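Provided below are the primary sequence and the corresponding predicted coordinates.
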Amino acid sequence: MAQQLIRRLRAAPVITAAIALAASALAQPTVVNGTGNPDVDIPAVQAAVNLGGEVVLSGHFSFDKPPTIPSPLQAVGFPQATILISKAVAISGAGDAIIERGTIPFYVAAPGASVSIQKLHFVSPSKSAIVVYAVSGLVIASCRIDGYVPLPNIQFSGIGITASDMAAAPTPTQPGHPENISGRIVIANNDLNLVGGTSSDVVLGITTFSAGQPPDREVDLYISGNRINNVNRPGIDTRRIGGRAHVEGNKITTSPIATQPTAEAIRVVGIGSFVIAHNVIDCQWSNPDAIGMGVYSQFADWPITNAVIVDNDISMSPPDGVQFTILVQGSTSGASLRASL
């Protein structure tokens, strides 16, 4: 009897160690090495993100192939996408992990799941580098986007967060499905160098349309520390935020010519609670009606009821005799502003 007990006691650490090793093996990241061949790279990355968990991309990937992933956003003019993220996953790049070309290289439709995309270098994507339609908790951080490939009649935004699938921009009668996007949404420390195309292309930086649905599907949105260059429409554009939005510490440098007479370098429209602070805007647009920052409501049903605008530096270089503006209208409270013109 004593010998049997000793054998059991000796076996217990062995079993415990085996379980620990198995758990460790399950926690290991899936590593995908780029080949530069889209016929290899696209299915390899798709298979890895389908597993969920942690995915590490290393090397040079080519997504230069027609996209095949459909989405509800096609109803408002979006093209198909290249990679579908449909479950909880944390994607990161090792070293300078480059993803070249691709129409919407990453499309996130992961209802109820948390997704992280960090340290990836996108080169010349089409439509957007990342589009998010459904998520509960999101981090897009320390990514770089260099250039873009224009598509006919389709605007480009480097990073797009949108559940507005009934109208290009949400309205009270067509808000889309803002409940699809909830939780803490962080878009931080990304570099967007959007050089390419022609003056007629519509190029935005970071857009967030129709995200969050009170009271139980709200968002806490943080757009901070991003560097956005060469946009001819808003560098940051938020519309209809069901929750709170913090737009802080970003640096936006526009292109010389805007493709819209009254374009704003930062645009905040519709419902939500906003803090817009410590941003630096270098607006090089020559349009007489260009706006450095616009905070307003387009609809009586969607008033802005709480906006704090403080300590932003806005530099604009108008032609002689032209005055640019900072526009704040609608119902706001606690608003203050410092700007250098």
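Right, received. Where do you want to start? Note that this is a predicted model, so its numbers are computed, not measured.

show me where the stretch 51-200 of the chain has strands.
Using DSSP state E, counting those that start in this stretch, the strands of the stretch 51-200 of the chain run over 53-62, 83-85, 89-100, 106-109, 115-123, 130-141, 144-146, 156-162, 181-188, 191-193.

hey, which of the ones you listed is tucked in deepest?
strand 156-162 (a mean of 27; mean count of other CB atoms under 10 Å). Placement of C-beta: from N, CA and C, glycine included.

Please name every helix or strand in contact with that one.
For strand 156-162, the packing partners by 3 or more CB pairs under 8 Å, 6 or more residues apart in numbering; DSSP states H and E come out as strand 130-141, strand 181-188, strand 203-211.

Next, format the ones you listed as JSON lines and append mean pLDDT and distance to F78.
JSON lines is the format used below for these (pLDDT from 0 to 100; distance: least, CB to CB, whole Å):
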{"stretch": "strand 130-141", "mean pLDDT": "98", "distance to F78": "7"}
{"stretch": "strand 181-188", "mean pLDDT": "98", "distance to F78": "16"}
{"stretch": "strand 203-211", "mean pLDDT": "97", "distance to F78": "12"}
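
want to throw the ones you listed into JSON lines with distance to A94?
Output for the helices and strands packed on strand 156-162, formatted as JSON lines (distance: least, CB to CB, whole Å):
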{"stretch": "strand 130-141", "distance to A94": "15"}
{"stretch": "strand 181-188", "distance to A94": "20"}
{"stretch": "strand 203-211", "distance to A94": "25"}
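
who wins for proximity to A44 among these?
Of all these, strand 130-141 sits nearest to A44, with 18.7 Å by CB to CB.

got the contact list for the residue positioned nearest the centre of the chain?
Nearest to the geometric centre of the chain sits I159, at 3.7 Å (CA atoms, centre = their mean). Counting by CB atoms under 8 Å, 6 or more residues apart in numbering, I159 makes contact with S128, A129, I130, I140, C143, I145, I187, N190, L192, G205, I206, T207.

same thing with V49?
Listed by CB under 8 Å, 6+ apart, the contact partners of V49 are V55, I83, L84, I85, K87, V89, I91.

Tell me, how many residues neighbour I291?
I291: 24 surrounding residues under other CB atoms under 10 Å.

mind checking how far the closest residue to it other than its chain neighbours is from N226?
In space, and not counting its chain neighbours, I291 is closest to E264: 4.2 Å by CB to CB, 6 or more residues apart in numbering. E264 is 16 Å from N226, where distance means CB to CB, to the nearest Å.

same deal with T173?
In terms of CB to CB, T173 sits 32 Å off from N226.

again, but for N279
Taken as CB to CB, the span from N279 to N226 is 10 Å.

wait, what's in contact with C283?
For C283, the contact set (CB under 8 Å, 6+ apart) comprises I252, T254, A265, A290, G292, I314, S315, M316, S317, F324.

what about the nearest residue to Q155 once chain neighbours are set aside, neighbour count?
Leaving aside its sequence neighbours, Q155 sits nearest to V202 (CB to CB, 6+ apart; 3.6 Å). Residues near V202, counting by other CB under 10 Å, number 18.

check contacts around V202.
By CB under 8 Å, 6+ apart, the residues touching V202 are Q155, F156, N232, R233, T259.

Restricted to helices, list the contacts of C283.
Assigned to helices by DSSP state H, none of the contacts of C283 qualify.

okay if I get those residues as TSV plus neighbour count?
Formatted as TSV, the contacts of C283 follow (neighbours: other CB atoms under 10 Å):
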residue	neighbour count
I252	26
T254	26
A265	30
A290	23
G292	24
I314	22
S315	14
M316	23
S317	13
F324	17
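
Poorly predicted segments of the protein, please.
When residues are selected by pLDDT under 70, those of the chain lie in 1-27, 196-198, 318-341.

do that again at 50, thanks
Counting by pLDDT under 50, the ranges of the chain that qualify are 1-25, 330-341.

re earlier: to T35, which of the helices and strands packed on strand 156-162 lies closest?
strand 130-141 (22.0 Å).

mind exporting that closest one as CSV, just the C-alpha atoms?
The C-alpha trace of strand 130-141 is given here as CSV (Å, rounded to 0.1, in the frame of the first residue of the first chain):
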residue,chain,number,x,y,z
ILE,A,130,-7.4,48.2,-42.0
VAL,A,131,-11.2,48.3,-41.9
VAL,A,132,-13.2,47.4,-38.7
TYR,A,133,-16.9,46.5,-38.9
ALA,A,134,-17.5,44.5,-35.7
VAL,A,135,-15.4,44.2,-32.6
SER,A,136,-15.5,44.4,-28.8
GLY,A,137,-12.2,45.9,-27.8
LEU,A,138,-9.6,46.9,-30.3
VAL,A,139,-6.0,48.1,-30.5
ILE,A,140,-4.3,49.3,-33.7
ALA,A,141,-1.0,50.6,-32.6
